[in-house]
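Colleague: next come a sequence and a model predicted from it.
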Amino acid sequence: MQKILVVEDEKKLARYLQLELTHEGYEIRLAHDGRAALAAHEEWPCDLILLDLMLPELSGIEVCRRIRQKSSVPIIMLTAKDDVSDKVMGLDMGADDYMTKPFAIEELLARIRVALKRHAEDGGRAGGERTLTEGPLSLDRDSREVTFGGEDIQLTKKEFDLLEYLMLNRNVAINRNELLDKVWGYSYAGDTNVVDVYIRYLRCKLDDPFHVKLIHTVRGVGYLLRLEESGEGE
């Protein structure tokens, strides 16, 4: 039985989620503040965390940051805020997905299934390229280290995941909806602007400082990774 830690200070909502998820066959544990969430995660290894953004004691962002220092467990953030900056901040700290309240339980269940499946596939991934390269750019999928010409590039979890997917599909134009689905785990077409935000982050860390063109915009489609000297492509 898969285990889900529900971190939600609104106790009626927490109880509702507990009942619905138990009915779906998951084993559930509740935590109502940030410190309780960290303690529960330490003593009760789980398969996924539903994490509210606004929590007493420690914020959901801080809880996510601390958990990510030790674990790759899937985290879906729950937030009443429908603001892109809050969503980006949560994803930047390592969250795999987010849901804006109020939400339909059916959609949350679908997001949970996607996150669990993707995590299982990543954890059981065998064979294939473990080190991806494109010219002087190198990405180690096991150590999660990225270098350009031997120089270390510091990326957040989502930046790494996005770059990894682009490198796995070198020279292939990928649309924003596919990137949302494969990198963020979204099961619907929406909020594609978060992809553009992270593409800008990668360009600032790769294209600009090294005077190359790695990430190309393909108008009407999305993005493509291919090494060119700066100025040759768009």
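Modeller: Done, it's in.
Colleague: kindly provide the distance from K70 to V63.
Modeller: According to CB to CB, to the nearest Å, K70 and V63 sit 12 Å apart. The C-beta positions use only the backbone N, C-alpha and C, and glycine is treated the same way.
Colleague: also E42?
Modeller: 12 Å.
Colleague: residues contacting the helix of greatest length in the chain, please?
Modeller: Ranked by residue count, the top helix of the chain under DSSP state H comes out as helix 105-123. Residues from elsewhere that reach helix 105-123, judged by CB atoms under 8 Å, 6 or more residues apart in numbering: 2, 4, 20-21, 24, 47-48, 50, 72-74, 76, 96-97, 99, 185-188.
Colleague: okay, now the domains of this structure?
Modeller: 3-123, 131-229 (automatic domain parsing).
Colleague: out of the helices and strands in this structure, which is least certain?
Modeller: helix 84-92 (a mean of 74; mean pLDDT, DSSP states H and E).
Colleague: flag every buried residue along that one.
Modeller: Buried residues in helix 84-92, counted by 16 or more other CB atoms under 10 Å: 86-92.
Colleague: ok so, going back, so between E42 and V63, which is more surrounded?
Modeller: V63 (28 against 11; other CB atoms under 10 Å).
Colleague: now the residue nearest the centre of the chain. Nearest residue, chain neighbours left out?
Modeller: Nearest to the mean C-alpha position of the chain, by CA atoms, centre = their mean, lies D96 at 3.2 Å. Sequence neighbours aside, P74 is the residue nearest to D96 in space, at 4.8 Å (criterion: CB to CB, 6 or more residues apart in numbering).
Colleague: next up, the contacts around that neighbour.
Modeller: Per CB under 8 Å, 6+ apart, neighbours of P74: 47-49, 96-97, 115-116, 118-119.
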